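Novice: Sequence first, then the predicted structure:
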Amino acid sequence: MSGIKKFFAKDGTKSVISSLISILIGLVFGAIVVFIVGMSKKTIGVKGAWEGVRLIFFGVLNTGRSATGALTWGFNASNLGNMLFRSTPVILTGLSVAVAFKTGLFNIGAPGQYLMGTLASLALALSLPSDKLPTWLIWIIAFVGAMAAGAIWGAIPGLMKAVFNINEVIACIMTNWIAANLVTWFFDGSAFCNVEEYGKTGYIYKTSFNNVATAKFGLDKLFAGSQANAGILIATLLAVVMYIVMNKTTLGYQLKACGSNRHAARYAGIKDKRNIVLSMAIAGSLAAAGSALYWLSGNTEFFWSTYQSLPGDGFNGIPVALLALNNPIGVVFAGIFMAMLNIVGMQLSNLTAYNEYITDVIIAVIVYMSAFSLVIRMLLNGRPKKEKAPKKSGKEAN
Amino acid sequence: MANNSEYVIEMLHITKEFPGIKANDDITLQLKKGEIHALLGENGAGKSTLMSVLFGLYQPEEGIIKKDGVEVKINNPNDATALHIGMVHQHFKLVDVFTVLDNIILGAEDTKFGFLQKKEARKKVKELSDKYGLYVDLDAKVEDITVGMQQRTEILKMLYRDNEILIFDEPTAVLTPQEIEELMQIMKNLAKEGKSILFISHKLNEIMEVADRVTVLRRGKYVDTVNTADTNKQELSNMMVGRPVQLQVTKDEAKPTDVVLDIKDMCVYNEIHKKDAVHNVTMQVRKGEIVCIAGIDGNGQTEFIHGLTGLSKITGGTVKICGKDITKASIAGKSENMSHIPEDRHKHGLVLDFTLENNMVLQRFQDKEFQNHGFIRFDNVRKYAEDLIEQFDVRSGQGPITIARSMSGGNQQKAIIARELDRNKALVVAVQPTRGLDVGAIEYIHSQLVKQRDEGKAVLLVSLELEEVMSLSDRILVMYEGEIVAECDPKKVTAQELGLYMAGAKRQDKEDKEVAGA
């Protein structure tokens, strides 16, 4: 086999190609919807529709409109930076879902774990005295505290599954709502909500209030005018770590063995219960890390009574993981892509008469297609090979 | 139906290719009217492919199919049904929550003004079941009835559709010995009434008992068609495997020495039935002997092994291996001196979605050899897996990186045996190690177990097959309702006597057992 052929025969390559195909189908479908909507609305017309289609594909690279009203293109530092910033929480919730999925668990509890991360990170960042402790230490304590809170919250459905064999999906849904109410109740009673800025009440002040904010690492210079910070680097690092843990270590081996066949793992002397709890705890801590990186960035404002509903970034981890076929490295790209669609949506509503929800249609189609990506992969794979004797043994079976 | 042909179905020179392999290579199969024709071959010999061609699931590259001497084209299963060809699949195609009657008429219902007319159907099914001795409870739900009755439902389904050619795909694999006996009788009745039967199997006993003729396939090729009256088991198995096969286990006299496994008054509680599934079992296994636990399925053997290996808790008594008390040890602790070939190779034996090499180190990935500070040493795992594959002749599509699920049952079992025996422990526990395998694989596994014994291991075998029990063991313990009711010497005891113990009709008292065991 030549090098190129070998490259395309690899399972990894096929996965990437199949995901790319589903993304492409999603974008094309979105473009078609944009076109139809545009044609049926007088205010948009053909010209507007064509602009919409172009924005769908290349929205992040749009720099606005020129004096003559034409769309201008180029390196849009603020768009790209914001894309990276917004991708950070979904990468981590995506990672959370993907890692759990690799171990045979469906972590639909990412929103709840995300909320517990919110609670722990904000409470720690705002309550620790920044005049006595260095702010970087407070940041680390808040970040680690969030991960611990998420781990505990994830471990609860894990324990239910391990000990009582309660389906983790049901336990996760319940813990999600418990978290939502717990967070609302906590912030309601806390002193943080009294912090005011420009007359706004009921807000938690940004964590930069006491100078606790994620380091920028020069990303703010590279992407001027954006919210980009080192969070994306931490998220990528965590993804790499999870990739190594899942694929190279005995821990990953055990977790995956329990996930694919709990009985066989038990038979082999692996502690199945411990591993189920552990993988849910890891998943929980990752989701919570996502929320910590979001709220500790220094430029986000938390409105405590929002949590009558569950945070979207928690649920968006599911499509991200699906799109990445549960590969931790793939999650980084899938997360960035989701964030890109988000930016594209804003561009659409800023620059054209469309509203941003059109990108939700695209995401929906992509998620739907990612289920088909398995079919696409099967087509790329062809038929499985038949059995053959082991190497070197021309002799008959004994 | 006027026809001059002696054969009701003829498949002539069928060739079916898949990329890289000829699954069927110039195969001819001729089925006479009213005969039982067996199709014999090892796993992967092309039996299923051939039947799929007949059933219209595959189109052959070459060859023709004739029905009553007239060439027909079968493009899909509907064509097959129209030609009155019916099939009982190995895994039944029944709706669990429907009644037996509903399942039988499903897809061929009579209706009047859109309403179901079950009365006629009930009468017809009743007649059929009386005629062929197919007893079923028409109003019972399928999920509540026995496997044997489910199979009879499948047969009735074919008869209800007036099928003339009946295909049975490994029908006995899921049945108890009694049910097998009944099925054999039913098949004979059907043939007597003029139905033509194709019987796919690799169990020689059944073929010899029930079939008129046998067609043997080997690795996609046609070997021969013979009358069962003119052949014997040995000849058939040689044809099937392509070399002389030893059906009888050859082994020397056992020379048992030190006690390895010492069980005293062991009890295992069954949570579902709220009683002891294993009751005060006391036994020993010594170095250099094969001790077999015989018994009818469901008499506590599974629970006993689960208790011994740690999958369930022991609720009473003590277990010692090599003098070490392991009654309360963890699974890993118990397996320190024990290899365990599990009863259910899919549930316990393998992680089916793992590669073969990852399955090979299922218990041993924590060993220094395979990990370094928590990082798996993939090169060593690969080398080890390759060694085992070579040594135990495990066949697979892609060697060590084959996904276990894609391997055939025989090779999956070989992989488990390779893994377990290579762990080289003092006690080897093998539970139904040959279930569902063909003669070639059975011969191999038997010889491996004898080899273990001769190397001075203690072997504890649990088997439901009397023949295996008689030929392989050096000492037989019969388990009935969770108790050891007899201890026999396989050289002295007859199959009939063992059968009586197994059915609970007879039991030795304590002194007898001690005499026999001494």
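Specialist: On my side now, so go ahead.
Novice: make it CA atoms for all contacts and neighbour counts henceforth
Specialist: OK.
Novice: Tell me the residues of the stretch 351-500 of chain B that contact chain A?
Specialist: Taking Cα under 8 Å from any Cα of the partner chain as the contact definition, the stretch 351-500 of chain B meets chain A at B:351-354, B:362-363, B:365-366, B:371, B:374-376, B:389-390, B:393-399, B:407, B:444.
Novice: out of the residues you listed, which are inside helices?
Specialist: B:389, B:390, B:444 (DSSP state H).
Novice: out of those, which is most surrounded?
Specialist: Within those, residue B:389 tops the neighbour count with 26 neighbours, counted by other Cα atoms under 10 Å in any protein chain shown.
Novice: is it true that that one touches residue B:415?
Specialist: Yes. Using Cα atoms under 8 Å, residue B:389 is in contact with residue B:415, at 7.5 Å.
Novice: Can you classify residue B:223 by secondary structure?
Specialist: strand (DSSP: H, G, I helix; E, B strand; the rest coil).
Novice: Correct me if wrong: residue B:346 contacts residue B:352.
Specialist: Yes. Contact between residue B:346 and residue B:352 holds when scored by Cα under 8 Å: they sit 6.9 Å apart.
Novice: quick one, which of these two is more surrounded?
Specialist: Taking other Cα under 10 Å, residue B:346 and residue B:352 do not tie; residue B:352 has more neighbours (22 against 18).
Novice: so what's the more buried one up against?
Specialist: Listed by Cα atoms under 8 Å, 6 or more residues apart in numbering or on different chains, the contact partners of residue B:352 are A:260, A:261, B:346, B:403, B:404, B:405.
Novice: May I have the residues that are in contact with the closest residue to the fourth one other than its chain neighbours?
Specialist: So that's residue B:403. Excluding its sequence neighbours, the residue lying closest to residue B:403 (Cα to Cα, 6 or more residues apart in numbering or on different chains) is residue B:355, at 4.2 Å. Listed by Cα under 8 Å, 6+ apart, the contact set of residue B:355 reads B:400, B:401, B:402, B:403, B:404.
Novice: centroid residue for chain B?
Specialist: residue B:436 (2.2 Å; Cα atoms, centre = their mean).
Novice: The closest residue to that residue other than its chain neighbours: which element?
Specialist: Once flanking residues are discounted, residue B:436 sits nearest to residue B:173: 6.5 Å by Cα to Cα, 6+ apart. Under DSSP states H and E, no helix or strand contains residue B:173.
Novice: Need the pLDDT of residue B:173.
Specialist: With respect to pLDDT, residue B:173 scores 70.
Novice: buried ones in stretch A:364-374?
Specialist: Within stretch A:364-374, the residues that qualify as buried are A:365, A:366, A:367, A:368, A:369, A:370, A:372, A:373, counting by 16 or more other Cα atoms under 10 Å in any protein chain shown.
Novice: so the fifth one sits right up against residue A:24, yeah?
Specialist: Spelled out, that is residue A:369. No. At 9.7 Å, residue A:369 does not count as touching residue A:24 under the criterion of Cα under 8 Å.
Novice: ok, residues contacting stretch B:165-176?
Specialist: Outside stretch B:165-176, the residues that touch it by Cα under 8 Å, 6+ apart are B:84-90, B:147-148, B:158, B:180, B:195-202, B:436.
Novice: ok so, going back, max pairwise distance over the contacts of residue B:352: which two?
Specialist: Largest separation among the contacts of residue B:352 by Cα to Cα: A:261 and B:403, giving 13.7 Å.
Novice: Show me where the stretch 201-350 of chain B has its strands.
Specialist: Along the stretch 201-350 of chain B, counting by DSSP state E, counting those that start in this stretch, strands occupy B:213-218, B:221-227, B:259-270, B:275-286, B:289-294, B:316-321, B:324-325, B:338-341.
Novice: and if you look at the stretch 1-150 of chain B?
Specialist: B:7-18, B:21-32, B:36-40, B:62-67, B:70-72, B:85-88, B:111-112, B:115-116.
Novice: Compute the inter-axis angle for the fourth one and strand B:7-18.
Specialist: Strand B:62-67 runs at 150 degrees relative to strand B:7-18, counting by axes from the mean of the first three to the mean of the last three Cα atoms, to 10 degrees.
Novice: got it, and the third one?
Specialist: Interaxial angle, strand B:36-40 versus strand B:7-18 (the same axes, to 10 degrees): 20 degrees.
Novice: Could you list the low-pLDDT ranges of chain A?
Specialist: Applying pLDDT under 70 to chain A flags the ranges A:1-3, A:8-9, A:11, A:193-209, A:304-308, A:373-374, A:381-398.
Novice: same for the strand or helix carrying residue B:387, what does it pack against?
Specialist: Assessed by DSSP H and E, residue B:387 sits inside helix B:378-392. On a contact count with 3 or more Cα pairs under 8 Å, 6 or more residues apart in numbering or on different chains; DSSP states H and E, helix B:378-392 meets helix B:356-360, helix B:409-422.
Novice: Of those, which stretch is the most buried?
Specialist: Neighbour counts (mean count of other Cα atoms under 10 Å in any protein chain shown) averaged over each of the helices and strands packed on helix B:378-392 peak at helix B:356-360, with a mean of 26.
Novice: So what touches it?
Specialist: Helix B:356-360 has contacts (Cα under 8 Å, 6+ apart) with B:350-351, B:381-382, B:384-386, B:399-404, B:415-416, B:419.
Novice: Off-centre distance for that helix?
Specialist: In terms of Cα atoms, centre = their mean, to the nearest Å, the gap separating the centre of helix B:356-360 from the centre of its chain is 23 Å.
Novice: Same question for stretch B:455-464.
Specialist: Centre-to-centre, stretch B:455-464 and its host chain are 19 Å apart (Cα atoms, centre = their mean).
Novice: buried set for it?
Specialist: Neighbour counts over stretch B:455-464 (16+ other Cα under 10 Å) mark B:456, B:457, B:458, B:459, B:460, B:461, B:462, B:463, B:464 as buried.
Novice: Keep only those of these that are in strands.
Specialist: Those of the buried residues of stretch B:455-464 mapping onto strands are B:458, B:459, B:460, B:461, B:462, B:463, per DSSP state E.
Novice: Output the residues you listed in TSV; the columns should cover pLDDT.
Specialist: What follows is those, written out as TSV (pLDDT from 0 to 100):
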residue	pLDDT
B:458	93
B:459	94
B:460	94
B:461	94
B:462	93
B:463	89
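Novice: how about the nearest residue to residue B:362, chain neighbours excluded?
Specialist: Spatial nearest neighbour of residue B:362, chain neighbours left out: residue A:268 (6.1 Å); criterion: Cα to Cα, 6+ apart.
Novice: quick one: furthest residue from the center of chain B?
Specialist: residue B:113 (46.9 Å).
Novice: quick check, stretch A:364-377 touching chain B?
Specialist: No. Stretch A:364-377 stays out of contact with chain B when judged by Cα under 8 Å from any Cα, the minimum separation being 15.6 Å.
Novice: could I get that stretch in CSV with only the CA atoms?
Specialist: Coordinates of each C-alpha in stretch A:364-377 appear next as CSV, following Å, rounded to 0.1, in the frame of the first residue of the first chain:
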residue,chain,number,x,y,z
ALA,A,364,-29.5,20.2,14.6
VAL,A,365,-28.8,18.8,11.1
ILE,A,366,-25.2,18.2,12.0
VAL,A,367,-26.1,16.3,15.1
TYR,A,368,-28.6,14.3,13.1
MET,A,369,-26.0,13.6,10.4
SER,A,370,-23.4,12.6,13.0
ALA,A,371,-25.6,9.6,13.7
PHE,A,372,-25.2,8.9,10.1
SER,A,373,-21.5,9.3,10.3
LEU,A,374,-21.4,5.7,11.5
VAL,A,375,-23.1,4.7,8.3
ILE,A,376,-20.7,6.9,6.3
ARG,A,377,-17.8,5.2,8.2
